[in-house]
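Q: compute the structure for the input listed below.
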Amino acid sequence: MQHERPIRVLVAKPGLDGHDRGAKVIARALRDAGMEVIYTGLQQTPQMIVEAALQEDVDCIGLSILSGAHMTLLPKIHQLLVEQEGEDILVIAGGIISDADAAELKNNHGIAAVFGPGASTHDIIDFIRAQVRPTTVEG
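A: Numbers count the residues shown, from 1 in each chain. Have a look, this model is predicted:
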């Protein structure tokens, strides 16, 4: 018998951010929407994030970044995903990111969407659902 596997999302805080309240709110909203959520905690390196995403076979990586290092860390995460054949993983970001930087990240660095402060959790959930194809598993 086949059934759809829930969408798997890795929520990560790259860099030296010390605040994770927003990431935890997003993680809970995704979980409440029926997604499987893996939260990696604070101060993750790009390598740690990509390794966890590949090990956990996630469909999406949600990056929460407030430190201002998004133009360094997010392109590095995308580069590592490409190098390790994980470029099919949807990558989204949220946090304090200017419109110009968001456009650069989306156009040139593999970030599918950037959600700013005050973004609706419903919009984030709807975006992920629209982008990730359901995976059918035997069982």
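
Q: who touches stretch 47-61?
A: Residues outside stretch 47-61 that contact it (CB atoms under 8 Å, 6 or more residues apart in numbering): 7-10, 12, 14, 38, 40, 44, 63, 77, 80-81, 84, 86, 89-92, 128, 131-132, 135. Using the backbone N, CA and C atoms, a C-beta is placed for each residue, glycine as well.

Q: kindly report the same for stretch 106-123.
A: 25-26, 29-30, 74-75, 78, 81-82, 87, 90-97, 102, 105, 124, 127, 131.

Q: what mean pLDDT does stretch 16-28 have?
A: The pLDDT scores in stretch 16-28 average 89.

Q: and what of stretch 33-52?
A: pLDDT averaged over stretch 33-52 gives 96.

Q: for it, buried residues please.
A: 33, 35, 37-40, 42, 44, 46, 49-52 (16 or more other CB atoms under 10 Å).

Q: again, but for stretch 64-83
A: Those would be 64-67, 70, 73-78, 80-81, for stretch 64-83 by 16+ other CB under 10 Å.

Q: now swap in stretch 86-99 and tell me
A: Those would be 86, 89, 90, 91, 92, 93, 94, 95, 97, for stretch 86-99 by 16+ other CB under 10 Å.

Q: do stretch 127-139 as well
A: So, applying 16+ other CB under 10 Å, buried residues of stretch 127-139: 127, 128, 132.

Q: okay, and which of those map to helices?
A: 127, 128 (DSSP state H).

Q: with secondary structure, pLDDT and distance to residue 110 as added columns, please give the buried residues of stretch 86-99 in JSON lines.
A: Output for the buried residues of stretch 86-99, formatted as JSON lines (DSSP: H, G, I helix; E, B strand; the rest coil; pLDDT from 0 to 100; distance: CB to CB, whole Å):
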{"residue": "86", "secondary structure": "coil", "pLDDT": "97", "distance to residue 110": "10"}
{"residue": "89", "secondary structure": "coil", "pLDDT": "98", "distance to residue 110": "9"}
{"residue": "90", "secondary structure": "strand", "pLDDT": "98", "distance to residue 110": "10"}
{"residue": "91", "secondary structure": "strand", "pLDDT": "98", "distance to residue 110": "6"}
{"residue": "92", "secondary structure": "strand", "pLDDT": "98", "distance to residue 110": "11"}
{"residue": "93", "secondary structure": "strand", "pLDDT": "98", "distance to residue 110": "10"}
{"residue": "94", "secondary structure": "strand", "pLDDT": "96", "distance to residue 110": "16"}
{"residue": "95", "secondary structure": "strand", "pLDDT": "93", "distance to residue 110": "17"}
{"residue": "97", "secondary structure": "coil", "pLDDT": "95", "distance to residue 110": "15"}
